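K.L.:
need coordinates for the below:
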Amino acid sequence: MYLAAEKGDISTIIGGIAPSWGPFGSVGSEAKVMIEVVMAVAILLCLGIAIWGAAKQRIGATALRDTFSAEQGKGLIVAGLTGVFIIGSLGTLFTIVYGMAV
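P.N.:
Predicted structure coming up:
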């Protein structure tokens with residue numbers, strides 16, 4: 001029986017959000033780890049904003065009957081998810097721009 005998790009390590013997990021290192025190929029391994037950590041923290045922060053917005057929308061719309069709070073919640077959800085998308089695609093964007101410049 002072949003288990004796919006046998007060969008996996010942390011780099012396969014964070015490899016999805018880390019840049020492919022095209023333009024960052026010359027930086028050291030410590031700098032690469034710092035870039036990965038900053039990107040992961042930023043994604044978690046954006047997800048937290050989206051969750052906070054969902055809670056604010058739910059509480060404002062039902063319990064308090066506050067439409068302003070519900071609209072603020074919608075804005076926070078959109079902002080948080082947009083941030084996740086932008087940060088998640090930074091590696092691809094950097095690689096495309098770097099490839100066009102070369």
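
K.L.:
show me what counts as buried in the longest helix along the chain.
P.N.:
Using DSSP state H to define each element, the chain has its longest helix at helix 29-58. For helix 29-58, burial by neighbour count (16 or more other Cβ atoms under 10 Å) applies to 35-36, 39, 42-43, 46, 49-50, 53, 56-57. To be clear about C-beta, it is placed using only N, CA and C from the backbone, and glycine gets the same treatment.

K.L.:
would you check which pair of those residues lies furthest apart?
P.N.:
Ile35 and Gln57 (33.0 Å; Cβ to Cβ).

K.L.:
distance of Ala79 relative to Met39?
P.N.:
18 Å (Cβ to Cβ, to the nearest Å).

K.L.:
do the same with Val33
P.N.:
For Val33, the distance to Met39 - Cβ to Cβ - is 11 Å.

K.L.:
below-threshold pLDDT in the chain: ranges please.
P.N.:
Applying pLDDT under 70 to the chain flags the ranges 1-26, 61, 63-64, 98, 101-102.
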